[in-house]
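Novice: missing the sequence, but the structure's below:
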């Protein structure tokens with residue numbers, strides 16, 4: 001599998017990932033979209049990467065197939081690096097992450113983790129892949 005590297009255009013990447021970070025039920029309404037300022041984008045970017053690190057680590061541990069374990073490991077490693085790039089950029093720009101209001105993201109991620117942890121074997125693999133497809 002080819003190794004992808006993010007371009008140095010971190011602000012553009014942050015904006016794109018922030019816009020895509022929430023699953024369909026989590027996207028801000030049009031009226032709320034104007035509230036996506038830099039601190040909010042940084043917070044969403046961090047939350048999204050943290051979620052992929054956590055689900056990736058879970059897949060690395062619980063995956064029934066070698067392929068799912070490898071994808072989980074890759075997600076964990078890649079998103080750890082991307083999250084750090086976002087944190088470094090925020091620090092450099094002196095931006096303090098401020099989650100959107102309301103922010104149901106943490107609760108939704110916890111539910112997804114609980115569901116994934118309840119699965120075993122090929123059922124886990126399918127649930128993990130379905131979750132990641134819907135999430136991305």
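Specialist: On my side now, so go ahead. Everything numeric in this text was worked out from a predicted model, so none of it was measured. Numbers count the residues shown, from 1 in each chain.
Novice: For the helix or strand harbouring residue 109, give the mean pLDDT please.
Specialist: In the assignment (DSSP states H and E), residue 109 maps to helix 105-117. Helix 105-117 carries an average pLDDT of 95.
Novice: Please work out which residues outside whatever helix or strand comes next after it touch it.
Specialist: As assigned by DSSP H and E, the chain's next helix or strand after helix 105-117 is helix 121-135. Contact partners of helix 121-135, identified using Cβ atoms under 8 Å, 6 or more residues apart in numbering, comprise 23, 51-52, 55, 58-59, 62-65, 68, 71-72, 75, 112, 115-116, 119. C-beta coordinates here come from the backbone N, C-alpha and C atoms, glycine included.
Novice: And those residues, which of them are buried?
Specialist: In terms of neighbour count (16 or more other Cβ atoms under 10 Å), the buried residues within the contacts of helix 121-135 are 51-52, 55, 58-59, 62-64, 68, 71-72, 75, 112, 116, 119.
Novice: so of these, which ones are in helices?
Specialist: Judged by DSSP state H, helices contain the following of those: 51-52, 55, 58-59, 62, 68, 71-72, 75, 112, 116.
Novice: List the residues that contact residue 90.
Specialist: Contacts of residue 90 by Cβ under 8 Å, 6+ apart are 42, 96-97.
Novice: hmm, 6 Å instead?
Specialist: Counting by Cβ atoms under 6 Å, 6 or more residues apart in numbering, residue 90 makes contact with residue 42.
Novice: so what pLDDT did it get?
Specialist: Listed pLDDT for residue 90 reads 95.
Novice: what kind of secondary structure is it in?
Specialist: Under DSSP: H, G, I helix; E, B strand; the rest coil, the three-state class of residue 90 is helix.
Novice: and the gap between it and residue 106?
Specialist: Going from residue 90 to residue 106 by Cβ to Cβ, to the nearest Å gives 19 Å.
Novice: Ok, residue 63 next?
Specialist: Distance of residue 63 to residue 106, given as Cβ to Cβ: 24 Å.
Novice: same deal with residue 136?
Specialist: Taken as Cβ to Cβ, the span from residue 136 to residue 106 is 19 Å.
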